[in-house]
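Novice: sequence plus the predicted model coming up.
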Amino acid sequence: MEFLEIGGSEPFRSYWDMYLSKGLLLIFVVDSADHGRLPEAKKHLHQLIETNPIIPLVVFANKQDLGAAYHITDIHEALALSEVGNDRKMFLFGTQVTENGSEIPSAMQDAKDLIAHLAADMQ
Ligand SMILES: Nc1nc2c(ncn2[C@@H]2O[C@H](COP(=O)(O)OP(=O)(O)OP(=O)(O)O)[C@@H](O)[C@H]2O)c(=O)[nH]1
């Protein structure tokens, strides 16, 4: 399985559309503790996926280890994930990145397994 990571900052956003059409699924990562940028993330996410009504969407609500992190129910609402389309598979995970060499959190392992299944289904 090949993953392409495209940055979220402004200069990289023009690449999103280009690569989405070649991808089997979209993994969209947001910083759960950066409350001020969630409206911007919501806007760009919906603009991006409106061109492809069936591509599966996996959202990582990252940085769940930070005290200021929104719970995934708040992320669901802030990103309007109930509006991503009835024909689309959509999954939301609360994630946090591990320190060097430490154990992979179970949510990350579940997400990895799910992504492998979704990619296989789309092939
Ligand atoms: N506390 C905490 N910090 C994290 C987590 N994930 C990433 N970071 C930190 O957040 C900072 C930004 O990480 P990047 O992966 O460069 O951020 P990014 O938003 O993907 O950057 P672009 O790819 O350019 O969009 C780094 O200092 C990371 O160590 C996490 O789960 N928890």
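Specialist: Looks like it came in fine.

Novice: now the strands for the chain?
Specialist: With DSSP state E as the criterion, the chain has strands at 26-31, 57-62, 90-94.

Novice: dump those strands to TSV, plus mean neighbour count.
Specialist: Where C-beta positions appear, they are placed from N, C-alpha and C, glycine not excepted. As requested, the strands of the chain are exported to TSV (neighbours: other Cβ atoms under 10 Å):
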stretch	mean neighbour count
strand 26-31	19
strand 57-62	23
strand 90-94	18
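
Novice: need those strands in a markdown table (columns: distance to the ligand and mean pLDDT).
Specialist: Putting those into a markdown table (distance: least, Cβ to the nearest ligand atom, whole Å; pLDDT from 0 to 100) gives the following:
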| stretch | distance to the ligand | mean pLDDT |
| --- | --- | --- |
| strand 26-31 | 6 | 97 |
| strand 57-62 | 5 | 97 |
| strand 90-94 | 10 | 96 |
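
Novice: which of these sits closest to Ala78?
Specialist: When the strands of the chain are compared by Cβ to Cβ, strand 26-31 sits nearest Ala78, at 8.5 Å.

Novice: show me what the closest one is packed against.
Specialist: helix 38-49, strand 57-62 (3 or more Cβ pairs under 8 Å, 6 or more residues apart in numbering; DSSP states H and E).

Novice: select, out of those, the one closest to Ile27.
Specialist: Taking the helices and strands packed on strand 26-31 one by one with Cβ to Cβ, strand 57-62 is closest: 4.8 Å.

Novice: which other residues reach the helix-or-strand element of the chain with minimal mean pLDDT?
Specialist: Sorting the helices and strands of the chain by mean pLDDT, DSSP states H and E puts helix 13-20 at the bottom, at a mean of 89. Helix 13-20 has contacts (Cβ atoms under 8 Å, 6 or more residues apart in numbering) with 4, 6, 26, 44, 48-49, 51-52, 55.
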